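Peer 1: Got a predicted structure plus its sequence, pasted below:
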Amino acid sequence: MQKMVSGAVEKKDLARGELFDWVANQPQLNSILKRHHCTRETLNGLYSILVSSGAGQWAGGNFVAAAAFTRVETLSHILAVINSPLPEGWSDHDRCLQLSFDLVEHFRIRRPLSSELQSA
């Protein structure tokens, strides 16, 4: 059983690495990463935050936590929100929950991403 679990984790890590390699090789996405000084560690951390905050689900035919890194609009939004000051009275956890909710709704019903969290 342990080998099965370990193998599944390794496959997920490999797939995530391939996703981030692909993102880094897309000129528009790579320029966003460079502008925000994103490293592989940063991307892994953001992915984990999105999954644990509710974006680790399918919406509109996309696995939100992964798909959000593959589009200019959503990647820019994630990094802008994460790098913005917290709204008054909010915790980092609140911000991550709202970000994940916004991303899920964006993929589910194509709801526009709000700049409200970016300019708090």
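Peer 2: Arrived safely, thanks for sending.
Peer 1: CA only for contacts and neighbour counts going forward, please
Peer 2: Fine.
Peer 1: and the longest helix along the chain, what other elements does it pack with?
Peer 2: In the chain, assigned by DSSP state H, the helix with the most residues is helix 2-24. On a contact count with 3 or more C-alpha pairs under 8 Å, 6 or more residues apart in numbering; DSSP states H and E, helix 2-24 meets helix 27-35.
Peer 1: Report the mean per-residue pLDDT for the helix it packs on.
Peer 2: Here helix 27-35 scores 97 as its mean pLDDT.
Peer 1: on that earlier part again, for the longest helix of the chain, what is the average pLDDT?
Peer 2: So the average pLDDT for helix 2-24 ends up being 82.
Peer 1: For that helix, which residues meet the burial criterion?
Peer 2: 16, 19, 20, 23, 24 (16 or more other C-alpha atoms under 10 Å).
Peer 1: again, but for stretch 25-41
Peer 2: 29, 30, 32, 33.
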